[in-house]
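Colleague: My questions are about this predicted structure, shown below with the sequence.
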Amino acid sequence: MIELMAIVVVVGMLWVIGSVIGLIFKLVFGLVGGLFGLLAGALGLVIGGVVMLFVLPLIALSLLPVMLPAMLLFGLVWAIVHVARRSSATPVSR
């Protein structure tokens with residue numbers, strides 16, 4: 001019976017040691033994978049930003065015919081408000 005208990009204890013210890021080694025591997029590979037994920041995300045943001053610097057002016061130029069009437073209306077309203085505010089200001093003399 002003592003031999004059987006010794007075998008169970010040895011198998012249990014091997015199981016615990018294997019589980020601890022697996023936990024260490026999982027933790028290390030998870031941290032390394034997370035670090036690579038962060039670096040890849042940062043690199044993707046940099047590349048995306050550089051691409052946007054080239055693409056956004058083209059998109060703005062292609063949307064110019066659509067936005068031109070709205071910009072003209074905005075300019076007209078701004079000019080009317082600007083002229084109205086200037087004429088209503090009266091100097092105060094002391």
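Modeller: Arrived safely. Numbering: from 1, shown residues only.
Colleague: Model confidence for Leu31, exactly?
Modeller: What the model reports for Leu31 is a pLDDT of 97.
Colleague: got it, and the one 5 residues further on?
Modeller: The predicted local confidence for Phe36 comes out at a pLDDT of 97.
Colleague: And the helices in the chain, which stretches?
Modeller: Residue ranges of the helices in the chain, as given by DSSP state H, are 2-62, 64-88.
Colleague: what would those helices look like in CSV with mean neighbour count?
Modeller: (C-beta placed from N, C-alpha, C; glycine too.) Converted to CSV, these look like this (neighbours: other Cβ atoms under 10 Å):
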stretch, mean neighbour count
helix 2-62, 10
helix 64-88, 9
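Colleague: mean pLDDT lowest for which of these?
Modeller: In terms of mean pLDDT, the lowest-scoring of the helices of the chain is helix 64-88 (a mean of 88).
Colleague: quick one: it to helix 2-62, angle?
Modeller: With axes from the mean of the first three to the mean of the last three Cα atoms, to 10 degrees applied, the angle from helix 64-88 to helix 2-62 works out at 70 degrees.
Colleague: Give me the residues contacting helix 64-88.
Modeller: Helix 64-88 is contacted by no other residue when judged by Cβ atoms under 8 Å, 6 or more residues apart in numbering.
Colleague: how distant is that helix from the center of its chain?
Modeller: 36 Å (Cα atoms, centre = their mean, to the nearest Å).
Colleague: Same check on stretch 50-57?
Modeller: For stretch 50-57 - counting by Cα atoms, centre = their mean - the centre lies 17 Å from the chain centre.
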